[in-house]
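Requesting a structural model of the entry that follows:
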Amino acid sequence: MRNPVVGVFGSLVKPGRLKGALALSLALALLGILSPTAAQAATPGVYIWGHGPAKAQEFEFPTAIQGLPSGIVAVQAGNWGGMAIDSHGNVWDWGSNGDGELGNGRATKTSWLDAVEVKGPTHVVSIGEGNSFAAAVDSHGGLWVWGNDNFGELCLNKRGRNVTRPVKVPGVDATAVSGGGYHLLVLLANGTVGSCGINQFGQLGDGNFRVTAKLVAVKNLTHVTAVSSGDLFSSALEADGSIWTWGYNPYGQLGNGTTTNEDVPQKVALPGPASEVYAGGDFPDDGHMMALLSNGTTVAWGDNAWGQQGVGTTTGIYTTAHPVKMPAGVTFTTVAAGGVDSYGIDQAGDLWAWGGRSGELGNGLDSHVSLPEKVGKGFTAISATATETVGLSTGP
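The predicted structure follows:
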């Protein structure tokens, strides 16, 4: 799950320390939001597909989220819902709310497809969502958290009490955030990374396997520009284009040539520097990653049981990075990795997908594909988790 930083679910530009509306405007401009492409000329809508916790929340075709304002600029999928940021820096949330993860002060059910405005943080530049919890970073560097806190994933130095309205974590100067299954990654203003929450596979990256409810330092990282969490593993992109991974690794999703879990970040062997990284969902029995390289190549590694590696087969696991077999003449501008599904948006705004098991690709088919196929158009952002995908599109 990549952390949407206003301008994205890309998560690659670190917002500055300028304050208020000016900081938000600059962040948007840096990411191209204030200079729309042709695909952005029409007002985009937010669409969801995939499988929620009940039959009524299963969508085999892109289905519009209701109640959102115009001017949505970033989206984030959750395993049971999703989030969005509007052009004013306000946060919107939808989906399940049993633990207060909608951030509206209540822990009561709402219509699955109706968005509500999160109460509290404003001028938000990054959002992240895990299993029944969420987080946001504002333009002043403030970290806001809400929802389930059974494993200390809200970094509030306590556990076991749900938070139905966002609270600010004291003493944190952040630039981006990414939610895992039950852990949280926080990119700090000094280029290091902090983490909190469950840690049974080393996904906190602090050198042990202990659950922690306070922010701890991830080791080996000093100049990070983006973070991305799978359900049970984590990743970071450094300024030099290197990718580092840690946590759960039975399917080679750490990309370090092994299937051994790691409690501290390990460097991924890449054929060139990367510009974007996305850690896919790995709950309950899968896991893979994708990255864009600076030369335009898309690479992947991890599980391939459903063709999510994009190599034309559905066999084996890949413990090191390899190129996705791209259609002739197509280059992706952003990618997303779900549980058994993968996505890329090309320069024309067309959405390509591969993998899939039972309707995950949003094309109404229960079969999988092992090479990228075009499934939509007009897309400007995409975000995926183990169970659901959310896209921003002028007409999918």
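
Check the gap between the closest residue to residue 361 other than its chain neighbours and residue 51 for me.
Nearest non-adjacent residue to residue 361, counting by CB to CB, 6 or more residues apart in numbering: residue 353, 4.4 Å away. The C-beta positions use only the backbone N, C-alpha and C, and glycine is treated the same way. From residue 353 over to residue 51 the distance is 15 Å, taken as CB to CB, to the nearest Å.

more crowded one of those two?
It is residue 353, of residue 353 and residue 51, that has more neighbours when counted by other CB atoms under 10 Å, with 26 against 20.

Buried residues, stretch 226-246. List them.
Buried residues in stretch 226-246, defined by neighbour count with 16 or more other CB atoms under 10 Å: 226-238, 242-246.

no, scratch that, I was asking about stretch 150-164
Of the residues in stretch 150-164, those buried by neighbour count under the rule 16+ other CB under 10 Å are 150, 151, 152, 153, 154, 155, 156, 162, 163, 164.

who's in contact with the residue lying closest to the fourth one once chain neighbours are set aside?
On the basis of CB to CB, 6+ apart, the spatially nearest residue to residue 153 that is not a chain neighbour turns out to be residue 197, at 3.5 Å. Residues in contact with residue 197 (CB atoms under 8 Å, 6 or more residues apart in numbering) are 130, 151-153, 155, 180, 182-184, 203-204, 211-213.

What is the nearest of these to residue 116?
residue 130 (18.4 Å; CB to CB).

Not counting sequence-adjacent ones, nearest residue to the closest one?
In space, residue 130 is closest to residue 179, 3.4 Å off (CB to CB, 6+ apart).

Could you double-check that residue 301 sits in contact with residue 252?
Yes - in this structure, residue 301 is within contact of residue 252 by CB atoms under 8 Å, at 6.1 Å.

Next, show the common contact partners of these two.
By CB under 8 Å, 6+ apart, the residues touching both residue 301 and residue 252 are 318, 319, 320.

Show me which of those residues are buried.
318, 319.

Could you save the shared contacts of residue 301 and residue 252 as JSON lines and add columns showing distance to residue 360, secondary structure and pLDDT?
Output for the shared contacts of residue 301 and residue 252, formatted as JSON lines (distance: CB to CB, whole Å; DSSP: H, G, I helix; E, B strand; the rest coil; pLDDT from 0 to 100):
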{"residue": "318", "distance to residue 360": "20", "secondary structure": "strand", "pLDDT": "97"}
{"residue": "319", "distance to residue 360": "24", "secondary structure": "strand", "pLDDT": "98"}
{"residue": "320", "distance to residue 360": "25", "secondary structure": "strand", "pLDDT": "98"}
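
Take the shared contacts of residue 301 and residue 252 and lay them out in CSV including distance to residue 387.
Listed next are these as CSV, based on distance: CB to CB, whole Å:
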residue, distance to residue 387
318, 23
319, 25
320, 27
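
can you pull out the strands in the stretch 51-200 of the chain?
58-64, 72-78, 81-86, 91-95, 116-117, 124-129, 133-138, 143-147, 163-169, 174-179, 183-188, 193-197 (DSSP state E, counting those that start in this stretch).
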